[in-house]
Structures are given as C-alpha cells and as structure tokens.
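# sequence and computational prediction follow.
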Amino acid sequence: MADFKIIFNPNILQFELLPFLMVIALLIITCILTFIFIKKELKKERNK
Amino acid sequence: MLYFSYRVEGDMLHKLKEVLKQQNMITGYLYFYVHFITEVACFFVLSRLIGDSLFLWMAPFVYDAFAFVPQALIGYASDRFPKINFGVIGVLLLLLGFITFSLDIIPGAYTELIFLCLGNACIHVAGAEATLRTSKGKLSHSAIFVSGGSFGVITGKLLGKTSLTFWIIAILCLTMIPFILLADCYKTECREEDLEKFNYANKDIKPTLVILLAVLIVITRGYMGYGIPTSWNKTITQTILLYVAMGFGKALGGILSDAFGIRKIAVLSIGIALPFLLFGDNIMIISLIGVLLFSMTMSITLALLVSILKKSPGLAFGLTTIGLFLGTAPIFFFTFTTTRANCLVITVLTVLCLTITNKIIIKGDSDG
C-alpha cells in the first residue's frame, strides 16, 4: 500500500476551470498586495 | 508536599480567575456568539450543496479560498478606515448569500457562495479588530472569539442535514447585529496605544522573518487540523467531540497564555500534543487531547503577528487566515494513507512548529 495518494481529479480543470482559476488569481493578487502592505507597515514601525 | 502542591494549585487557580475577570473580555464573548452563528450559516449552506463530485470538490475549495484569503485585504482596509463597520457589512453579505442560495434565485453555482464567503471574511475581520483592540495586549479575548468557529462549524453541518427551514438560520444571522454594535461600543473606548502592549516577538529576529515563521506555524497547524488521522471518528457524537476539543483548545490557548506566559504554553502545548497525536489514530480520548493541545497555538500565532504589525491588527489577522488556507489546501489534492506516513508527517511538522515557536517568541515573557 502506497504511503501517499493523490485525490485530485484532473477533470476538474476541464469542467470547473473558471472557479479554479479564480482561486489561483485571488491567492496571487492577495499575496502580492499583502506583501506590499506589510512592507509599508514595517517601514512605518521602523520610522516610529 | 501536600501543602506545597495545594499551594501551587491555589496559585494557578488564582491566576486563571484573574485572567477571566479581565475588563472588556465581553468583546470576546460577544464575538464568540457572532463567530458561532456565522459558521452555522456557512456550514448549513455547505452541507446542503447538491451537485456532481467535481462540483462537490470545487465548492468547499472555493469557499475556503474566498472566506480565508481576502481577510488580509479586508483587514488592511478595516485598519485604514476604522469608521466603516465591516461587521454589519459582513452580516448583510452573509444574509444575501444565504438567502439567495436557499431560494436559488441567482444563476451560477458560485455567486451565492462567494457572497457568503465575503460576508464571513468581513465578520472575522470585525471580530479580530474588536477583540484585539480591546484586549490591552492579552490573548484571551481573541482566543474566545476564534473558538466560537469550531462550535459553529459542527452545529451548521448537523443542522444542514435536518429539515430545518433556512429562515430560522437567517433570523439567527440578524441577531448578530446588536452583538456587533455592542462590541463596537467597547472598541471605540480603546486607544491606539493599547495595541503597543502586544510584545511577544523575539526582537533579535528580523520582523519579516518573524512574520514568515509565524505564518509557517499557521500553515502547519492548518494542515494538521484537517490532516490528523482520526480513524476512531465514526459517529456524530464523536465528530461533535472532535470539534468541541478544537474549540476548547483555541480558547484555552489564549486564557492559559495570559495566566502562565505565552512561551510556556506554546512550547508545552505543541510538545505534549505530539505523542497524543501520534498514538491517537484509533483511540478517541488520546486523539482529542492531542487536538485540544495543538489547537492552543491559534491565538499565540496571532499575538506574535500583532506584535510585529501593531498598527494593523486586521492585516495581522488576515495573515493567519491566508496561512490557514495554504495549510488546508493540500488536503484537497493528496492524502497520506499509512500510519507510518502519518506519524512521520505529524512528527516532522510538530518538531518544526516547536523549533520555530522556541525561536520567535520573546524569552522571559511575563506570567500574566
């Protein structure tokens, strides 16, 4: 018995592609913006 | 010896009582209820989703993403525009999503779900802002707020499987508004300087690194929260006990940290959890103790992030929810199937959390 099992069904990329891409886009955009906001806030904390 | 142990127990009880009598703990209790109802509504919907296997895989994935990930941006907006009541906005969005889903009046399977998620996200941020700002640097308030979610999740899942009319849940959602408005009254009495009392991060480590490592702990805990094997979990009662253990663990983490010191509780809870998680796959009580202990770090990682981002508690909270999504996302894609693999994963992740915690929490923090 393998230790590891992939449960992702690749058909999702065929039939539910749009919501999947929405999630990826949300994650990327949020991470980029969050990174920018953190840099701004840390700069404010340093200049305090 | 008996006198000594009696005296130690008396001191511990006294410290706990002092923590629970803190002023403005009320925001924690108010948002415990708000968080509870929010998750009841969301999981009521999730448990009534109908569709093929692909949709039933994707819908919870979309839910997790849109409920957790945007909280960082909403949190930042809440920090910058404190006059905007994100709590009330969240309730309205939640109701919009909930009612339109229940009446099936908007085309598109995901539109209502996204309204629900964004409502959930706004309410979470409002809860974080209220509890963190009123806590004067303590963890209990936010811990109690956060713990409400676990109880809400299991209640929503169970109610969703009954024939209960959704209007009852909709009315319960409306009851959140006075709780939110009351919590806001306490929040407006607080000063910005109160957030300066969050000082739990090790100042010898660069702030950016503390943030990354704290989020890594959250990711790890997020994964373990769903990835811990629980073969004993076969009945509804056992599932309820699992979520109750998570909820109590989250609340206790904050309360015990305030009473006995954040570092002590973080290290002990993670360290002691390991054997319970390793041997708890088939034994319920052992597993529940492990889950309770491991859940205790939730408020601790939040406090660490607020210690770095003192002026942006909403953004700090949002970082924990991004971490939670990143931690739970792998579970949608793969699973470890053998006891050996699960034990290895649990051990590696726990040791990682313990090492990081030991490094990033300030040494010699007060005992509360």
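It's in.
# find the nearest non-adjacent residue to B:Cys122, please.
In this structure, B:Cys122 finds its nearest non-sequential neighbour in B:Gly90, 3.0 Å apart by Cβ to Cβ, 6 or more residues apart in numbering or on different chains. Just so you know, the C-beta spots here come from the backbone N, C-alpha and C atoms, and that holds for glycine as well.
# B:Leu242 too?
Nearest to B:Leu242 is B:Asn233, by Cβ to Cβ, 6+ apart, at 6.0 Å.
# quick revisit: elements contacting the strand or helix carrying the residue nearest to B:Cys122?
Assigned by DSSP states H and E, B:Gly90 belongs to helix B:86-103. Packing contacts for helix B:86-103, counted by 3 or more Cβ pairs under 8 Å, 6 or more residues apart in numbering or on different chains; DSSP states H and E, involve helix B:26-46, helix B:71-80, helix B:111-134, helix B:166-174, helix B:176-188.
# mind listing the strands for the chain?
Reading this off chain A. A:4-6 (DSSP state E).
# that answer is for a different chain, and I need it for chain B
Taking DSSP E as the test, the strands found in chain B are B:334-336.
# just to revisit the earlier point, residue contacts, the residue nearest to B:Cys122?
With contacts defined as Cβ atoms under 8 Å, 6 or more residues apart in numbering or on different chains, the neighbours of B:Gly90 are B:Thr38, B:Leu118, B:Gly119, B:Asn120, B:Ala121, B:Cys122, B:Ile123, B:His124, B:Val125, B:Ala126.
# between these, which is closest to B:Leu103?
B:Gly119 (16.4 Å; Cβ to Cβ).
# surely A:Leu27 touches B:Ala65?
Yes: with contact defined as Cβ atoms under 8 Å, A:Leu27 counts as touching B:Ala65 (6.8 Å).
# hmm, stretch B:123-138 touching chain A?
No: residues of stretch B:123-138 are not located near chain A by Cβ under 8 Å from any Cβ of the partner chain, the shortest gap being 13.4 Å.
# quick one: low-confidence ranges for the chain?
Looking at chain A here, since you left the chain open. For chain A, the stretches with pLDDT under 70 are A:1, A:48.
# think we crossed wires, I meant chain B
Applying pLDDT under 70 to chain B flags residues B:1-9, B:20-24, B:364-368.
# how about the closest residue to chain A within it, what does it touch?
At 3.6 Å from chain A, B:Ala341 is the closest residue in chain B, using Cβ to the nearest Cβ. Residues counted as contacts of B:Ala341 (Cβ under 8 Å, 6+ apart) are A:Asp3, A:Phe4.
# and the closest residue to B:Ile286 other than its chain neighbours, how far from B:Ser287?
With sequence-adjacent residues excluded and distances taken as Cβ to Cβ, 6+ apart, B:Ile286 is closest to B:Gly280, at 4.0 Å. Using Cβ to Cβ, to the nearest Å, B:Gly280 is found at 3 Å from B:Ser287.
# surely A:Glu45 meets B:Pro207?
Yes: between A:Glu45 and B:Pro207 there is a contact under Cβ under 8 Å: 7.3 Å.
# sweet, I'm off.
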